[in-house]
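Peer 1: Curious how this folds, go ahead:
(one chain, ligands or ions: 3)
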Amino acid sequence: MTELPEQAAAETGASASPREPQLLRRALGAQALIWKSRLSWRITMIVFITIMMVQAMVMVYTARIQEQEELATLWREARAGIVMSIGDTRDQLRPPVNRDEGLNLISSTLVQGFAVYALDQGLLQTSGSHTVLRPVNSPVALRTFRSSDGGTYEVLYTPDELARPYYVAAKLDARRVKPSVVAHVEQTLVILLLLACFVTTVLMIVLGEWLLQPMILLRQNLLSAAKHPEKPVLLRPARESRDEMGLTLRIASDLIRQNASNLKRLRAQAEDRIHRLAYYDALTNLPNRTFFIEKLDEAIRQKVLQDKGRIAVVSVDIDHFKDINDTMGHDIGDRLLEAVGKRLVKSLPRDALVARASADEFMLMIPLPGDASSEVIINTIVTSMAEPVSILQERFQVRVSVGAAHAPDDGVDARQIVKNADIALTRAKEEGRDTVRYYSEDFDRVVQQRFQLLRDLRLALDHNQLQLHYHPQFNLSTGQIIGVEALLRWWCPDNSREGGRFIPPAEFIPVAEQSGLIVPIGEWVLKTACAANKAWQADGLPPFRIAVNISGVQFHRADIVQQVETALRDTGLEARWLELEVTESVFMENVDVAIATLDRLHKLGCELAVDDFGTGYSSLSYLRLFPIDRLKIDQSFVRNALVNPGDRMIARTIITLGHSLGLKVIAEGVETSDHENFLREDGCDEVQGFKYTQPLPEDKMRAFARQHFHLVSDKGNVVPLKS
Ligand code: C2E
Ligand code: MG
Ligand code: MG
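Peer 2: Ligands and ions are numbered 1, 2, ... in the order given. Predicted coordinates for the structure are as follows:
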C-alpha cells in the first residue's frame, strides 16, 4: 500500500536525502491536495450520487413492502375480530353478526364498518361505515381498496379466509399505516445516508491512498523534473507498493533519474567540449592564447604581485613555416607543429606553460625564482630545435625566432606582457630570424611609429601621394639607355615650407610588406610603370625596358602573374619592355614555387633580374634553375670595391658567374668614374647610379631620355657615358 505523503521520502536525483521539515510540508501539501483534487471529488460525487440513487430505489421498494406489511397486519387483525364476531354457521333467522358484537367490533377494533354477504353474494347485513367492495363485482385483484387519503382500507374477506360461510367487506382504519411507513422511510434514510457517507469516505480514503496520492506524488516528481531536469527532487513513498500505481511511480522515478543523469553527463561533456574548444588548440592539444593569458594573469597575481618571483613570457615562431606548409602540404605542416609543441613542452621546466598562440607561434610562460635569468632556459629551447624533425622519412630543420618579455620588468598586465613578447619576436624576425630578442621599451616606440606610418600609408594610397621616380640604366660599352628602374616615392604633405617631404622606400616598404599593403601598392607600381613606359614610347622615344621591384610578399602572396598580365593588358605595353626585379632571398624562400612563378612570368615575355645580388644566401647551384636574364650587383660591392679588395673580388665573381650562366650583369650604385672604370674592366654589361643622374620624376625622365636619344642620334648611336 502506498504510504501517506507524511511518510514519503524525497530524493534528489539518484541519491535520496530526506529533508524532514521540507518533506513534512510537502506531505501535508499532498494531503491537502487530495481533498482539492478534482478527480477525487468527481469520483466521490459520482459514487455518492450512485449510492443515493440506489438507496432511493431501495427505499421506495422497502417503503412499499413496509406499507404492504402494515396493511397485511391490519388485514389480519381485522380478520381476527370479524372471525370472533361472526357466526360460523348460516342461520336464516339471525344476522351473521349480532348487533352487540357488531357494535363492539366497530368500536374496539380497526373495523369502521362492514357488510356481510351470503355465499350467493346476496347482502345480509351492514354495519358502521359504508363499504364499496362487493363479492360479485370483486375479482381477486380488487379485493382491497384504499381511500385516496390513505385513511381507510377496505378489504373483502372470502369464506375461505374467514372459515365462515360469508363474504365480508370491511372498512378498516388505516391511519396508522402512513406514519409507520414514514418512520420506516426516515429510519432507512438516515441509515442509508450514513452508509453512503461511510462508503464514500472509505472510497475516498482508498482512492486517495492507492490512486490519488501516488498520482500526486508522480505529478510532483514530473513537475520537479520539468523544473530542475538535472536535479529533480524526487518524492518517493516510504514503502514501495507493488500495484500498478507503485510500478508506474517507480518507472517514472527511474526515468526521471536516468534523464537527469543523462542530462548531467551531456552537460558535463558539452561543458568540457566548450572548454576545450575555447581554451585548447585542437591540433597540438596545447592551451590556446586565451587560456594562456588567463593563466598568465593568474600567475602574475599569485606570484609576481606577491613578490614571489618573476615570469618570463616567450613567443616562439617557426621560421618560414608557411613555406613548409605550401610546399610540403598542410599535413606535414600540422605534424611539424605537433612535434615542435612536444619539444617545447619537453625542454621546459614542469611549472612552465606552453600554448599555441597562432598558426606557427607558441607562447611560453616560465616562472623564474627570484632574480633568475630566462636566458639559460631560452637557450635550451633554441638548442632543442637543433635536431631535425623527422616526418614521413623526411627530416626538417626547424629554426625559430624567439621574443621574450618579463613580468614585472616589462609590465604586470598579462596582455601587455604577451604583446611585448610579440614585439620582441617581431624584432627577432626582422633581424634575420633564427634569433632571440628580449623586449626593450624602444621596441614599443618603434612599433607605435610603425602603426602610425601604416595608417598614413593607407591614406597615401587612397590620396595619390605615391609617385614613381625613374632611374636610368645604361649599356656600359655603348652608353645607351637600355632601361629605367621604377622607384617608389611617397610624398607626404606636411606644414613645412616645402609643403611635404619624400619618405624613402626603405622606411615604408617593410611596413607595407608586413601589413600586406604592399600587394595593392605593388599593383599600382606595376600599372603606373607600364603606363609611363608606354607613354614614352607613344611620345616617340625609342623603346627601352622598365624595371619594377617586386617584393617577396607580393611575389608569394598575390597572384603576381595575374597582376603583371593585367598591367600589360591595361596599358598596352609589350611584355619584353617590362623587367621584374626580385631579390634572391625571395627565390630561396620557396624554391619550387619561385621557379614555377618565374617560369610563368618568363613565358609572358617579361625579363627577370635578381636584385641586390650577392647580399643574400642564394645557392649558386639553384641559380641555373631560375629562368632569369640579369644579375644586379648590389651597390654595396660597387661602393666598397675600390677600398675593399674583397668586395671588388665579389663584384668580379658575380660578373663572371653571370656570364658563365649566360646572364647579363648590371651594377647599381655607380657614383663615380672609378666605379664605372673598374666595372668596365671587369666586363660588367650595364650600369645604374647617381653618376649619371638621380632617380627622376616622370616628366624629367622623359626630358632626360629625349635629350639622351637626341645625343645618340647626333653622335651616331654612341653616347659616351659622362665622366
Ligand atoms: P633597389 O631595388 O636596390 O633600388 C636601388 C636603390 O639604390 C634606390 O634607392 C636607388 O635610388 C639607389 N641608388 C641607385 N644608384 C645609386 C647610387 O649611385 N648611389 C646611392 N647611394 N644609391 C643609389 P631607393 O629608391 O631608396 O630604393 C630603395 C629600395 O626600396 C629599393 O632598392 C627597392 O628594394 C625598394 N623599392 C623601391 N621602389 C620599390 C617598389 O616600387 N617596390 C618595391 N617592392 N620595392 C621598392
Ligand atoms: Mg631594384
Ligand atoms: Mg638593389
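
Peer 1: where does the stretch 1-150 of the chain have low pLDDT?
Peer 2: Scanning the stretch 1-150 of the chain for pLDDT under 70 picks out the ranges 1-35, 137-142.

Peer 1: Can you give the distance of the helix or strand encompassing I49 from its chain's centre?
Peer 2: Using DSSP states H and E, the element containing I49 is helix 38-85. Average the C-alpha atoms of helix 38-85, do the same for its chain, and the two points are 78 Å apart (Cα atoms, centre = their mean, to the nearest Å).

Peer 1: go on, stretch 472-483?
Peer 2: Mean-position distance between stretch 472-483 and its chain equals 67 Å (Cα atoms, centre = their mean).

Peer 1: got the buried residues for it?
Peer 2: For stretch 472-483, a neighbour-count test (16 or more other Cβ atoms under 10 Å) marks P472, Q473, F474, N475, L476, G479, Q480, I481, I482, G483 as buried. Every C-beta, even on glycine, is put in place using the N, C-alpha and C of the backbone.

Peer 1: Turn these into TSV, columns for distance to A594 and pLDDT.
Peer 2: What follows is the buried residues of stretch 472-483, written out as TSV (distance: Cβ to Cβ, whole Å; pLDDT from 0 to 100):
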residue	distance to A594	pLDDT
P472	28	97
Q473	24	97
F474	29	96
N475	28	95
L476	29	94
G479	34	92
Q480	32	93
I481	30	95
I482	26	96
G483	23	97
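
Peer 1: so which of these comes closest to Q306?
Peer 2: Proximity of those to Q306 was ranked by Cβ to Cβ; the top entry is Q473 with 66.3 Å.

Peer 1: doesn't I666 make contact with the closest one?
Peer 2: Yes. Because the distance of 6.2 Å satisfies Cβ atoms under 8 Å, Q473 is recorded as touching I666.

Peer 1: Give the residues shared as contacts by those two.
Peer 2: Both Q473 and I666 are in contact with E686, V687, Q688, where contact means Cβ atoms under 8 Å, 6 or more residues apart in numbering.

Peer 1: Columns neighbour count, secondary structure and pLDDT on top of those residues, output as TSV?
Peer 2: TSV is the format used below for these (neighbours: other Cβ atoms under 10 Å; DSSP: H, G, I helix; E, B strand; the rest coil; pLDDT from 0 to 100):
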residue	neighbour count	secondary structure	pLDDT
E686	21	strand	97
V687	26	strand	97
Q688	25	strand	97
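
Peer 1: residue at max distance from the center of the chain?
Peer 2: Using Cα atoms, centre = their mean, the residue of the chain lying farthest from its centre is L93. It sits 125.6 Å away.

Peer 1: so it, which of the three states?
Peer 2: With DSSP: H, G, I helix; E, B strand; the rest coil as the basis, L93 sits in coil.

Peer 1: What distance do you get for it to L124?
Peer 2: L93 sits 12 Å away from L124, taking Cβ to Cβ, to the nearest Å as the criterion.

Peer 1: Let's test this: what are the backbone torsions at the residue farthest from the centre of the chain?
Peer 2: Phi and psi for L93, reported as degrees, to the nearest 10, are phi -90, psi -20.

Peer 1: which residues touch stretch 590-601?
Peer 2: Under the criterion Cβ under 8 Å, 6+ apart, residues 320, 323, 326-327, 555-556, 560-561, 564, 580, 582, 586-588, 608, 622, 625-628 lie in contact with stretch 590-601.

Peer 1: Sort out for me which of the residues you listed are in strands.
Peer 2: Secondary structure of the contacts of stretch 590-601 is defined by DSSP state E; positions in strands are L580, V582, L608.

Peer 1: So which of the residues you listed is the closest to ligand 3?
Peer 2: Looking at those and their distance to ligand 3, the nearest is V582, at 10.7 Å (Cβ to the ion).

Peer 1: and the stretch 601-723 of the chain, which of its residues are near ligand 3?
Peer 2: D611, D612 (Cβ under 5 Å from the ion).

Peer 1: Go again with 6 Å.
Peer 2: By Cβ under 6 Å from the ion, the residues of the stretch 601-723 of the chain that approach ligand 3 are D611, D612, K632, D634, E668.

Peer 1: Burial check on Q707, number of neighbours?
Peer 2: Residue crowding around Q707 was assessed by other Cβ atoms under 10 Å; the count is 10.

Peer 1: re the thing from before, weed out the non-buried ones from the contacts of stretch 590-601.
Peer 2: Applying 16+ other Cβ under 10 Å to the contacts of stretch 590-601, the neighbour count classes 320, 323, 326, 555-556, 560-561, 564, 580, 582, 586-588, 608, 626, 628 as buried.

Peer 1: May I ask which two of those are separated the most?
Peer 2: Longest span within these, Cβ to Cβ: H320 and V564, 25.0 Å.

Peer 1: Need the worst-confidence member of the ones in strands among the contacts of stretch 590-601.
Peer 2: In terms of pLDDT, the weakest of the ones in strands among the contacts of stretch 590-601 is V582, which scores 92.

Peer 1: can I see the domain layout of the protein?
Peer 2: With domains defined by automatic domain parsing, the chain comprises 1-85+176-278, 111-174, 280-439, 452-628+693-720.

Peer 1: distance between the ends of the second one?
Peer 2: It refers to domain 111-174. Its first and final residues considered, domain 111-174 spans 10 Å by Cα to Cα, to the nearest Å.

Peer 1: Could you restrict the residues of the stretch 601-723 of the chain next to ligand 3 to the ones contacting ligand 1?
Peer 2: When Cβ under 6 Å from any ligand atom is taken as the criterion, the members of these that contact ligand 1 are D611, D612, E668.

Peer 1: among those, which are in strands?
Peer 2: D611, D612, E668.

Peer 1: show me what contacts the second one?
Peer 2: Residues near D612 by Cβ under 8 Å, 6+ apart: T583, E584, K632, D634.

Peer 1: Surely the second one is in contact with V610?
Peer 2: Meaning E584. Yes. The criterion here is Cβ under 8 Å, and E584 meets it with V610 at 5.3 Å.

Peer 1: Output the set of residues of the chain in proximity to ligand 3.
Peer 2: Contacts of the chain with ligand 3, taken as Cβ under 6 Å from the ion, map to D611, D612, K632, D634, E668.
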